[in-house]
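Enquirer: what follows is a predicted structure for the sequence shown.
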Amino acid sequence: GRKSLRQKMVDELKHYCNGFHLLWIDTKVAARMVWRLLHGQVLTRRERRRLLRTCADLFRLVPFLVFVIVPFMEFLLPVFLKLFPEMLPSTFETESKKEEKQKKKLNVKLELAKFLQETVAEMAKRNKADTG
């Protein structure tokens, strides 16, 4: 059924608390990676991507905190998220948003693959006509 307004607010509060907790964990892991980098160790590709994502999340946190700190500005957060969908740090994304992003990326990759296949087929036809 439908959730009450109180239950929706509690769910949102839990979502943001979990997001801050995950961001804190990512920040601690990133700090360890930076420490390793400063001491001459090399990061793997996955560690490097995680470090970059965490740094980007920390930079995205600054405008997000404005909405949390300024009274009643959190009511404008959905409007700004519609205008700037990448404003929220990655630890605050819901599963549905993550799936939506993955579907968009997959569609773009499929379109690119179709284009490349058509291009290769066209080039093959030209080469066959030139040699034949």
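Expert: Received the coordinates, thanks. Numbers count the residues shown, from 1 in each chain.

Enquirer: now do Pro85 against Arg60, distance only.
Expert: 11 Å (CB to CB, to the nearest Å). To be clear about C-beta, it is placed using only N, CA and C from the backbone, and glycine gets the same treatment.

Enquirer: ditto for Lys97
Expert: Using CB to CB, we find Lys97 at a distance of 14 Å from Arg60.

Enquirer: of the two, who's got more company?
Expert: Arg60 (19 against 14; other CB atoms under 10 Å).

Enquirer: residues in contact with that one?
Expert: 86-89 (CB atoms under 8 Å, 6 or more residues apart in numbering).

Enquirer: now the two most distant members of those.
Expert: Glu86 and Pro89 (9.7 Å; CB to CB).

Enquirer: those two: which has the busier surroundings?
Expert: More crowded of Glu86 and Pro89, by other CB under 10 Å: Pro89, with 21 against 10.

Enquirer: can you give me the domain assignment for the protein?
Expert: Residue ranges for the domains of the chain, per the TED database: 1-41, 45-87, 94-131.

Enquirer: in terms of mean pLDDT, which of the ones you listed ranks lowest?
Expert: For the domains of the chain, the weakest mean pLDDT is recorded on domain 45-87, namely a mean of 85.

Enquirer: any idea how far apart the tips of it sit?
Expert: 25 Å (CA to CA, to the nearest Å).
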